[in-house]
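A.B. asks: show me how the following folds:
(one chain, ligands or ions: 1)
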Amino acid sequence: MSADFHQDLVLREDLFRRYLERRLSADLRDQFESHYLGCDECYEELRATELLMRGLDDRILVRRRVRDVTILRFVENTELLAYSLELNELASAVRLQSDTKVLIDLSMVSRIDSTGLGVLMNCYCHAVKNAGALKLLHPDAPVKHVLSLTKVDSILQSFDDEAAAIASFHA
Ligand SMILES: [Zn+2]
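C.D. replies: Presented below is the predicted three-dimensional model:
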């Protein structure tokens, strides 16, 4: 039996919070994820709830330079999923900067979906179009799995060692 996410709006608000705090059972989480991706109303509400919970001035990404390479790292445990504010943050961080050698540190990223992969690919295209490159650092096992399953790893190079990653930009 599938849950009805529109029956009780107070319950739904609570569900959104528990989802964002990653406190839902895997089963309910999967049901909800397959629902909200097709439901504009839940999608918008979910984003609004996340904004409220996060506070507007929280820093999501930190930026560091090593030689001419910009390293972007998420400050806390992050999921790069369709609703995630982190995705917007990442896309604008890459798009708005003039540096085109970009290394994205994924060590804090525990999950990624096709929207997340799409954003990574857009960032990659932006860097390449501007004569740069974009690579990934420290992808976690589940993220690595998705990268290889979708063959994105044949385009986006991943490294487990920062020095090796930096050196590869200058090879
Ligand atoms: Zn809905």
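
A.B. asks: residues contacting the residue most central in space within the chain?
C.D. replies: Residue closest to the average C-alpha location in the chain (C-alpha atoms, centre = their mean): L80, at 2.4 Å. Residues in contact with L80 (C-beta atoms under 8 Å, 6 or more residues apart in numbering) are 86-87, 90, 109, 111-113, 115-116, 119-120. For the C-beta atoms, the positions are set from N, CA and C on the backbone; glycine is no exception.

A.B. asks: identify the residue spatially nearest to G132, adjacent ones excluded.
C.D. replies: Nearest non-adjacent residue to G132, counting by C-beta to C-beta, 6 or more residues apart in numbering: T100, 2.4 Å away.

A.B. asks: pLDDT weak spots in this protein?
C.D. replies: 1-3, 55-58, 97 (pLDDT under 70).

A.B. asks: contact residues of it facing the ion?
C.D. replies: Remark: the part of the chain in contact with the ion comprises 5, 39, 42, using C-beta under 5 Å from the ion.

A.B. asks: return a ChimeraX selection command for the buried portion of those.
C.D. replies: Burial among these is assessed by 16 or more other C-beta atoms under 10 Å; the matching ChimeraX selection reads:
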select :5,42
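
A.B. asks: which of the residues of the chain next to the ion lies closest to R63?
C.D. replies: C42 (32.4 Å; C-beta to C-beta).

A.B. asks: in three-state terms, label the closest one for me.
C.D. replies: helix (DSSP: H, G, I helix; E, B strand; the rest coil).

A.B. asks: that one and E13: what is the separation?
C.D. replies: 11 Å (C-beta to C-beta, to the nearest Å).

A.B. asks: now do V143
C.D. replies: 30 Å.

A.B. asks: same deal with F169?
C.D. replies: Taking C-beta to C-beta, one finds F169 at 45 Å from E13.

A.B. asks: so for those two, which residue has more residues nearby?
C.D. replies: For F169 and E13, the more surrounded residue by other C-beta atoms under 10 Å is F169, and the numbers stand at 17 against 12.

A.B. asks: who's in contact with the more buried one?
C.D. replies: 68-69, 101, 103, 133, 135.

A.B. asks: is it correct that I104 falls within a strand?
C.D. replies: Yes. Residue state for I104 (three-state DSSP) corresponds to a strand.

A.B. asks: tabulate the residues of the chain next to the ion (JSON lines), appending distance to R95.
C.D. replies: Shown next, in JSON lines, are the residues of the chain next to the ion (distance: C-beta to C-beta, whole Å):
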{"residue": "F5", "distance to R95": "33"}
{"residue": "C39", "distance to R95": "28"}
{"residue": "C42", "distance to R95": "28"}
